[in-house]
Structure formats: structure tokens, C-alpha cells
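[1] sequence and predicted structure below; questions after.
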Amino acid sequence: MSESPRPSLPPSYFETLYRDQKDPWDFETSAYEASKYAATLAALPKRHYRKALEIGCSIGVLTARLAERCDSLLAVDVSEQALERARQRCQSLPQVQFQQMCLPQEYPAQRFDLTLLSEVGYYWSWHDLRLAQQCMVAQLEPGGHLILVHWTPRAASYPLTGDEVHDAFLEQTGPELLHLGSQREACYRLDRFERV
């Protein structure tokens, strides 16, 4: 696959979006998002996880639902405005911690038995996607699960497509990462992996 040199979208892109709109992607009201969240949770290979990481939690709509399946959930986002709304939404969920982080240059030091990358990977450059892949696999416990969910149509302002993100992880399967299966819907794709 041809690797375009387009840079990752900067944190300021997201801060501007959240400054101008409380819910820029209609996470709270979209039937598409609600259906995709249900499919994401249904696709989790295990009923419960000890320590999960949600990359790009936004305003915490999926976070609140995912938390029911986790003893501990670290939800990270690049936007402090988004995180403030997520904290308010999840204030009654003591197992959820939030942290502002610009991945992959920053990455949590702890290890996880679940990592969820939903609608984030196509904001990265190829270089940053490759670095993020290394971090995700390195910090995933043996037997832990990695779930990818991304919108597949091309967005002109995004460096990558959802398919490019997922295909990059499929190329990485081998001694460390086992592909458990794919699900493709009209506008999104879901892939499940397990750390060997």
C-alpha cells in the first residue's frame, strides 16, 4: 500500500471542534453511533476485563457503556474540552480514570488486557500509526484483546482511511498478534485481535 506523507491532525484541530460544538460527531444522538457502540461491545471476546484502555474517548458516550465491562478503565483523549464533558458524564463511575494524552508520542506506561481504538487511527500519519501499533502491542498483556473500529469512507481532511488503519494491523499479525475476525458494515469496519 502507498504510504502518503500527510501529517497527523494536530491537537488544535480537535480543540477547535469541541470549542465550536459540544458533540461534533453527534455521539449522543446518532442512531449510527448507537448501533456501532452496541456492535463494539458485542464483539468483545470476553465478558469482563481487569484493566482496559480506550484511546480517543471524546465526550465519554462509549466510555460509560464500556466501563460496565471493566474493573478499571483508562480513557484518554487529546482534547481537554472533550475530557471535561466525559468526566461529567462518568462521574458516578469510580472505575474510570481520564487523562489528556497526545498519542502515540505519549502512551500509558501500564499494561492492559483490553485496548479499544475507535475512530482515531485515521487522524494519524503513517509514521504515527506505526508508532502507535508498537505501543499498543507492547502494552497489551498476553491473551489481551485489541479492538479496532473505524469509519471506512475517505474523509478529505484525514491522513488515512479506516481500511488503511485496519489493514496495517492485519499486516502486523504473526508471532505477537492473532487476528480473531472482522465485521464490515455499510460505513464502518470492526476487527478483533489477541496478543499472543
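    Yep, that arrived. Everything quoted here is computed from the prediction, not taken from an experiment. Residues are numbered from 1 along each chain as shown.
[2] and the gap between the residue nearest the centre of the chain and Val165?
    Centroid-nearest residue in the chain: Leu117, 2.0 Å away (criterion: Cα atoms, centre = their mean). The gap separating Leu117 from Val165 is 8 Å, by Cβ to Cβ, to the nearest Å. For the C-beta atoms, the positions are set from N, CA and C on the backbone; glycine is no exception.
[3] cool, and Asp71?
    Distance of Asp71 to Val165, computed by Cβ to Cβ: 28 Å.
[4] re the thing from before, quick check: the residue nearest to the centre of the chain vs Ile55, distance?
    Counting by Cβ to Cβ - Leu117 and Ile55 are separated by 5 Å.
[5] how about His179?
    According to Cβ to Cβ, His179 and Ile55 sit 19 Å apart.
[6] among these two, which residue is more densely surrounded?
    When His179 and Ile55 are compared for neighbours, Ile55 comes out ahead with 24 against 15, by other Cβ atoms under 10 Å.
[7] got a list of what that one touches?
    76, 103, 115-118, 120 (Cβ atoms under 8 Å, 6 or more residues apart in numbering).
[8] got the confidence number for it?
    pLDDT recorded at Ile55 is 98.
[9] so what's the residue count around Asp77?
    Neighbour count for Asp77, taken as other Cβ under 10 Å: 28.
[10] ok so, going back, comparing Asp71 and Val165, which residue is more hemmed in?
    Using other Cβ under 10 Å as the criterion, Asp71 and Val165 rank with Val165 on top: 25 against 12.
[11] is it true that that one touches Ala132?
    No: contact criterion Cβ atoms under 8 Å: Val165 and Ala132 do not qualify, at 9.5 Å.
[12] identify the contacts common to these two.
    With Cβ under 8 Å, 6+ apart, Val165 and Ala132 have common neighbours 117, 121, 124.
[13] nearest to Arg47, out of the residues you listed: which one, please.
    Of all those, Arg47 sits closest to Leu117, with 20.7 Å by Cβ to Cβ.
[14] correct me if wrong, but the closest one is in a strand.
    Yes: membership of Leu117 in a strand is supported by DSSP: H, G, I helix; E, B strand; the rest coil.
[15] make sure it is actually in contact with Met136.
    Yes: the criterion here is Cβ under 8 Å, and Leu117 meets it with Met136 at 7.1 Å.
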